[in-house]
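Chemist: Generate a structure from the sequence data that follows.
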Amino acid sequence: MLTIGWGEALFFPPPLSKEGIKVGALRRFAIYLDENRIGEAPLFLPSPLREPYVSLTFELLAEDTQTEARLGRLTLPHGVVETPVFMPVGTQASVKGLLPEQVEAAGASIILGNTYHLALRPGEDRVAQLGGLHRFMNWERPILTDSGGYQVFSLEDLRQLDDDGVRFRSHIDGRWLELTPETAVAIQEKLGADIIMCFDECPPSQAPKEQVLAAVERTTRWARRCRDALTSEDQSLFGIVQGGIDEELRQQSAEQLVELDFPGYAIGGLSVGEPSEVMLEVAAKTARHLPRTKPRYLMGVGRPLELLEAVAGGVDMFDCVMPTRNGRNATAFTTQGRLKLRNACYAEDERPLDPEWPAPYVGHFSRAYIRHLFMAGEMLGPIIVSLHNIAFYCRWMREIRERLRDGRFNEYRASALARFGDSL
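Modeler: Predicted coordinates for the structure are as follows:
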């Protein structure tokens, strides 16, 4: 084992993953040897190891002929992600109640971390000192971090906003803090996620058009500042489209951000109170203004059927707290619809949560037992249902990918909509 200057321990041979040797670890090791002239002769490296990281590549593997749905492959420094994909939310560097190996076993290939919360506690400097977010939370696959913008703008009574950025009070200790495009990027660089997000202004769902237009223009200015502030070579910065539910403003925001040539784009500012059908329509229309060859990410969405419809509209990536939040509150997503497990009808139900799609580790527990855990206040109940729900979401996305692969996506979509109605 070698410990190099910034304190990262490297093992040689580098550890193996499902994709083989971790190229990033091999490259850093080889460059370290070369720069320090370890050995009797200079070390000559193959040219691929000498080139800077290609921090993101996105390949389209298939496109549906009846909808805008696409099957893709996203290659990142910490692994390969097939899209469409759902990202479980790990707000505090933890998917609530679950071990990283459980989350991976459930089918997750990428997770989301929350910049706002991690910057407040334990702080980005401490995470960096401890080896970065992947090492800190023992998650070796890709991570995406948001910019912290949404959380700051939700603290309407605790913030001051101007063109430079936002000053806000910490919800933990009340101290005043400042977040600007530059600091948002700097924090995310220290956290070390594979994909990081531009700082954006998310206007309230019922804001007048003048306020939404101002947010669009500020979001573009901030996106340019974020791009200019980026120093990391192995992180990919995504722009975030705003515009409320106004199609014209969405198009304006998308076109302005596309000119800045980000490696990927997010659709933000939705799922904040508008009806589901409006959200899906706006997301689909926005996606049409984004590059076909780059990944599209719908932030904060949603229910399984919403994911299905958004995929049909051309979206590739999703995140949402719904699987774990519902899991902690005794609601399971299943191939029979949603189960509210505190209901008395499950008191003697010996069936597992979902006989068709059993989740790893927890697929054998009966509904009666899980209901008992919730009624008794045992922490195992929320753990079981949270893990089940993440496994369900990941399986749901896997089925979508398989149907895109075999050319039967729209058939699967119609069947799912007819089968589940509003139950998912």
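
Chemist: which other helices and strands contact the one helix or strand Leu177 maps to?
Modeler: Per DSSP states H and E: Leu177 is located in strand 176-179. With contacts taken as 3 or more C-beta pairs under 8 Å, 6 or more residues apart in numbering; DSSP states H and E, strand 176-179 sits against strand 166-169. All C-beta atoms are positioned from the backbone trio N, CA, C, and that covers glycine.

Chemist: Helices of the stretch 101-250 of the chain, start to end?
Modeler: For the stretch 101-250 of the chain, applying DSSP state H, counting those that start in this stretch gives helices covering 115-120, 124-129, 133-137, 149-154, 181-191, 209-229, 247-259.

Chemist: What's the first helix or strand after the host helix or strand of Ala391?
Modeler: Per DSSP H and E: Ala391 is located in helix 380-405. Downstream of helix 380-405, the first helix or strand assigned by DSSP H and E is helix 409-420.

Chemist: Domain map for the protein?
Modeler: 2-50, 58-320 (automatic domain parsing).

Chemist: Comparing the ones you listed by mean pLDDT, which bottoms out?
Modeler: Least confident of the domains of the chain, judged by mean pLDDT, is domain 2-50 with a mean of 40.

Chemist: re earlier: of the domains of the chain, which approaches Pro382 most closely?
Modeler: Within the domains of the chain, the stretch nearest Pro382 is domain 58-320; the backing value is 5.9 Å (C-beta to C-beta).

Chemist: circling back: what are the buried residues along the strand holding Leu177?
Modeler: In terms of neighbour count (16 or more other C-beta atoms under 10 Å), strand 176-179 has its buried residues at Leu179.

Chemist: Alpha carbons of that strand, as PDB, please.
Modeler: Taking Å, rounded to 0.1, in the frame of the first residue of the first chain, the C-alpha atoms of strand 176-179 are listed here in PDB:
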ATOM      1  CA  TRP A 176     -25.500  33.200   8.800                       C
ATOM      2  CA  LEU A 177     -23.900  31.500   5.800                       C
ATOM      3  CA  GLU A 178     -23.500  32.500   2.200                       C
ATOM      4  CA  LEU A 179     -23.900  30.300  -0.900                       C
END
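
Chemist: Any chance you could list what contacts it?
Modeler: 116, 120, 148-149, 152, 165-170, 199 (C-beta atoms under 8 Å, 6 or more residues apart in numbering).

Chemist: what's the spacing between that strand and its chain's center?
Modeler: 24 Å (C-alpha atoms, centre = their mean, to the nearest Å).

Chemist: Okay, now the sheet partners of the strand or helix carrying Phe318, with direction.
Modeler: Assigned by DSSP H and E, Phe318 belongs to strand 317-320. According to DSSP bridges, strand 317-320 forms sheet pairs with strand 85-90 (parallel), strand 296-298 (parallel).

Chemist: quick one: which of the helices of the stretch 101-250 of the chain is nearest Pro100?
Modeler: The minimum distance between Pro100 and the helices of the stretch 101-250 of the chain falls on helix 133-137, with 6.5 Å, by C-beta to C-beta.

Chemist: Okay, buried residues for that closest one please.
Modeler: Result for helix 133-137 [16+ other C-beta under 10 Å]: buried residues 133-134, 136-137.

Chemist: Make CSV from the residues you listed and add distance to Asp228 to it.
Modeler: Converted to CSV, the buried residues of helix 133-137 look like this (distance: C-beta to C-beta, whole Å):
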residue, distance to Asp228
Leu133, 24
His134, 26
Phe136, 28
Met137, 30
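
Chemist: For Gly243, list the residues it contacts.
Modeler: 212, 216, 249-254, 269, 286.

Chemist: How about His117?
Modeler: 91-92, 151.

Chemist: Narrow those to those that are buried.
Modeler: Burial by neighbour count, 16+ other C-beta under 10 Å: within those this picks out 91, 151.

Chemist: Ile187: which of the contacts of His117 is nearest?
Modeler: Gln151 (12.5 Å).
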